[in-house]
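sharing a model prediction with you, sequence too.
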Amino acid sequence: MNGWCYWTLRKAGDSVARATAALKGQTTAAKHEMLFQHGINFNNLPAWQRRGTGLFWETYEKVGYDPIRQQEVMATRRRIQVDEALPMKDGYETLLRRLIDSSQPA
C-alpha cells in the first residue's frame, strides 16, 4: 500500500521528500482514503498489485529418454513457480515455512 500511495503522490507532482513526509505515520485507513481521493480503490486492485508476486523453485518429475540404455526414464527437474495470489497473515507464514522446509537437504 505504501508503494501505491508513494507513487500516486509522485505522479500527482509531489517531490520525493514531500511524498515520503506525507506518508510518514499515516494509518492504513488514511492511506486508503488518500488513494480513494485519487480515484484508486486499493481493495479492488489485483492481489499481485496489493501483496506482490512470489517466485520460487518447484521440483517436478518429467519423462526423459536415456539414449545409452535406449529407454524412457523419469527425471527430476526444477522450474520457477509464479504465485500472484500470495496469502496474508498466518497463511503467508505457513507458505514461507513450507518453502523453507522443502529447501532443506534431506
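Yes, it's here.

check which residues of the worst-scoring helix or strand of the chain on mean pLDDT are buried.
Across the helices and strands of the chain, mean confidence by mean pLDDT, DSSP states H and E is lowest for helix 90-103: a mean of 88. Of all the residues in helix 90-103, not one is buried under the rule 16 or more other CB atoms under 10 Å. (C-beta placed from N, C-alpha, C; glycine too.)

packing partners for that helix?
strand 54-66 (3 or more CB pairs under 8 Å, 6 or more residues apart in numbering; DSSP states H and E).

after the helix or strand harbouring residue 4, which helix or strand is next?
Here residue 4 sits within helix 2-11, counting by DSSP states H and E. Per DSSP H and E, helix 2-11 leads on to helix 16-23 as the next helix or strand towards the C-terminus.

quick one: mean pLDDT over that next one.
Averaging pLDDT along helix 16-23 gives 97.

hmm, residue 6 is touching residue 18, no?
No. Look at residue 6 against residue 18 with CB atoms under 8 Å: they stay out of range, at 10.6 Å.

mind listing what the spatially most central residue of the chain touches?
Most central in the chain under CA atoms, centre = their mean is residue 53, positioned 2.2 Å from the mean C-alpha point. Contact analysis of residue 53 by CB atoms under 8 Å, 6 or more residues apart in numbering lists 82-84, 86.

one more pass at 7 Å, please.
Residue 53 sits next to 82-84 when contact means CB atoms under 7 Å, 6 or more residues apart in numbering.

cool, residue 29 as well?
When the contact criterion is CB under 7 Å, 6+ apart, residue 29 has no partners at all.

how near is it to residue 56?
According to CB to CB, to the nearest Å, residue 29 stands 33 Å off from residue 56.

more neighbours: residue 6 and residue 18, which one.
Higher neighbour count among residue 6 and residue 18: residue 6, with 17 against 12, using other CB atoms under 10 Å.
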